[in-house]
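Peer 1: Sequence first, predicted model second:
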Amino acid sequence: MSAVTLLAAGLIVPAATFTGLWFWRLRPGRRADLRPSMEAVLAHMVAKAYARQQELRAQVEALGRDLEDRDRRLAAQVIRNHPNGDEGGRN
């Protein structure tokens with residue numbers, strides 16, 4: 001056997017193996033195997049819903065704190081500006 005034949009076989013065999021495995025992976029019956037299981041999809045959906053719930057809870061808490069701060073500022077302003085002092089809005 002000549003060196004050229006051995007060199008050609010050494011290059012062609014791995015290339016053909018790689019190409020064959022690549023096309024074998026793409027065969028039509030294999031596509032269903034690439035999809036995640038229903039349990040994995042549901043677990044992912046639950047994790048996303050939980051993360052969104054935590055995000056919304058943090059937003060609601062921040063909004064509540066902002067509203068409480070606003071109410072305190074307004075109450076202090078009413079007390080300062082009311083002619084009778086600490087009576088607030090009562091007459």
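Peer 2: Done, it's in.
Peer 1: Tell me how the chain divides into domains.
Peer 2: Domains of the chain are assigned by automatic domain parsing as 1-34, 36-91.
Peer 1: ok, of those, where does mean pLDDT dip lowest?
Peer 2: Least confidently modelled of these is domain 1-34, at a mean of 76 by mean pLDDT.
Peer 1: Give me the buried stretch members for that domain, please.
Peer 2: Within domain 1-34, no residue is scored as buried using 16 or more other CB atoms under 10 Å. The C-beta positions use only the backbone N, C-alpha and C, and glycine is treated the same way.
Peer 1: show me where the protein has helices.
Peer 2: 3-25, 31-34, 38-81 (DSSP state H).
Peer 1: then the first one to PDB, C-alphas only?
Peer 2: Going back to what we said before, that points to helix 3-25. Backbone C-alpha positions of helix 3-25 (Å, rounded to 0.1, in the frame of the first residue of the first chain) are rendered in PDB as follows:
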ATOM      1  CA  ALA A   3       1.500   6.300   1.500                       C
ATOM      2  CA  VAL A   4      -1.000   8.300  -0.600                       C
ATOM      3  CA  THR A   5      -3.600   5.500  -0.100                       C
ATOM      4  CA  LEU A   6      -3.100   5.400   3.600                       C
ATOM      5  CA  LEU A   7      -3.200   9.200   3.900                       C
ATOM      6  CA  ALA A   8      -6.500   9.300   1.800                       C
ATOM      7  CA  ALA A   9      -8.100   6.600   4.000                       C
ATOM      8  CA  GLY A  10      -6.900   8.500   7.100                       C
ATOM      9  CA  LEU A  11      -8.700  11.600   6.000                       C
ATOM     10  CA  ILE A  12     -11.800  10.200   4.200                       C
ATOM     11  CA  VAL A  13     -12.900   7.700   6.900                       C
ATOM     12  CA  PRO A  14     -13.200  10.200   9.800                       C
ATOM     13  CA  ALA A  15     -14.800  12.800   7.500                       C
ATOM     14  CA  ALA A  16     -17.300  10.200   6.200                       C
ATOM     15  CA  THR A  17     -18.000   9.000   9.700                       C
ATOM     16  CA  PHE A  18     -18.700  12.500  10.900                       C
ATOM     17  CA  THR A  19     -20.900  13.300   7.900                       C
ATOM     18  CA  GLY A  20     -22.800  10.100   8.400                       C
ATOM     19  CA  LEU A  21     -23.500  10.700  12.000                       C
ATOM     20  CA  TRP A  22     -24.500  14.300  11.300                       C
ATOM     21  CA  PHE A  23     -27.100  13.200   8.800                       C
ATOM     22  CA  TRP A  24     -28.200  10.300  11.000                       C
ATOM     23  CA  ARG A  25     -29.000  12.900  13.800                       C
END
